[in-house]
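Novice: Coordinates for the following, if possible.
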Amino acid sequence: LFMALNTKTLITRSLSGLVFVVILLGCIFWNYLSFTLLFFVLSLMGLSEFYKISVQLGTKPYKTIGYLSSIFLYIFFVKISLFGIKIDTEIFADFKSVLFLIPLSVFSVALFSKEVKPIQNSIFTLAGILYVTLPFALIHEIVVKVDDVGLTQYNYEILLGVIFLIWSNDTFAYLGGSLFGKKKMIERISPGKTWEGTLFGIAVTFMISFVVKSYFKQEFTIFWPLMGLLVPVLATLGDLIESMLKRQANIKDSGNIMPGHGGVLDRFDSLIFVVPFVYVIIKLLQI
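Specialist: Next up is the predicted model:
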């Protein structure tokens, strides 16, 4: 019975994992519209999971204004011109204008709220937007480039490379921990993570980054080796942060969208933590 249960669980995880990979890569490869719709849906689903965790932590986030603000923030990053529609978005050209409008809206709702802890509720409302929606929205800045003549082009190479490095780290950290893991990393948060497995994942991912470099060539040859070091470290931190949230909320998974794998935050906890740093590096290197 034990073996049968394990086999059934393995099959379930494998099938749902395969469907996840096909949908993710299919939408990224297909075109910019499918990419945009996929990550828009994922951002709202992830935000919903975060707000459910927030409730478990004893808060009552203002979900309506949270969702509306997230939609507004996400649309701000969508490159409208790629859809064949030209809209003058010059009023939103400054990043600060969006960051100002969202907290202003949230705290305005809190002002008229009858909840006992409006400030705490507001903080968790904003935390969901910053933790979930903003990273998903920032992915647009990674896949869309403006060429020398001012035309926008959809290029998913960097995103695919980063996702591949995250998967590489997850795989080899697990294998390394299973084979020779002894010293627990942060047992109170993630009992399964070991220092040996984590370092093994980082080392192998760094080596694999040179393979990625040969396929996805960048003007700065140091870019992918740099990603090979930063991505596994940041991905591990992202995983630990989500584990800490779940541990505090006393739940196993953030959701059940993927049988055997959990929810959106369980699958994308690493990516949403990595993306803002990748965005900053791209801007610094002017890639």
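Novice: Just give me the neighbour total for Asn250.
Specialist: Counted with other CB atoms under 10 Å, residues neighbouring Asn250 total 8. For the C-beta atoms, the positions are set from N, CA and C on the backbone; glycine is no exception.
Novice: for it, phi and psi?
Specialist: Main-chain torsions, Asn250, degrees, to the nearest 10: phi 60, psi 50.
Novice: now the longest strand belonging to the chain: mean pLDDT?
Specialist: Across the chain, the longest stretch assigned as strand under DSSP state E is strand 190-194. The average pLDDT for strand 190-194 rounds to 86.
Novice: Quick one: name whatever helix or strand follows it.
Specialist: Of the helices and strands lying after strand 190-194 in sequence (DSSP states H and E), the nearest is helix 195-215.
Novice: And the contacts of that next one?
Specialist: Applying CB atoms under 8 Å, 6 or more residues apart in numbering, the contact partners of helix 195-215 are 161, 164-165, 168-178, 180-185, 221, 223-225, 227-229, 231-233, 236.
Novice: Hey, what's the angle from that helix to strand 190-194? Just curious.
Specialist: Inter-element angle recorded for helix 195-215 and strand 190-194: 60 degrees (by axes from the mean of the first three to the mean of the last three CA atoms, to 10 degrees).
Novice: name the helices or strands packed onto the next helix or strand after helix 195-215?
Specialist: Where DSSP H and E defines the elements, the next helix or strand beyond helix 195-215 is helix 223-249. Counting contacts by 3 or more CB pairs under 8 Å, 6 or more residues apart in numbering; DSSP states H and E, helix 223-249 packs against helix 32-56, helix 157-180, strand 190-194, helix 195-215, helix 264-285.
Novice: Need the phi and psi values for Met185.
Specialist: phi -80, psi -70.
Novice: With the one 4 residues further on instead?
Specialist: When read as degrees, to the nearest 10, the backbone of Ile189 gives phi -100, psi -50.
Novice: Report the contact partners of it.
Specialist: Here Ile189 is in contact with 240, 243-244, 247 (CB under 8 Å, 6+ apart).
Novice: ok, of these, which one's closest to Gly262?
Specialist: Nearest to Gly262 out of these is Ser243 (CB to CB; 11.2 Å).
Novice: Identify the bridge partners of the nearest residue to the closest one once chain neighbours are set aside.
Specialist: Sequence neighbours aside, Ser190 is the residue nearest to Ser243 in space, at 4.6 Å (criterion: CB to CB, 6 or more residues apart in numbering). Beta bridges link Ser190 to Ile186 when assigned by DSSP bridges.
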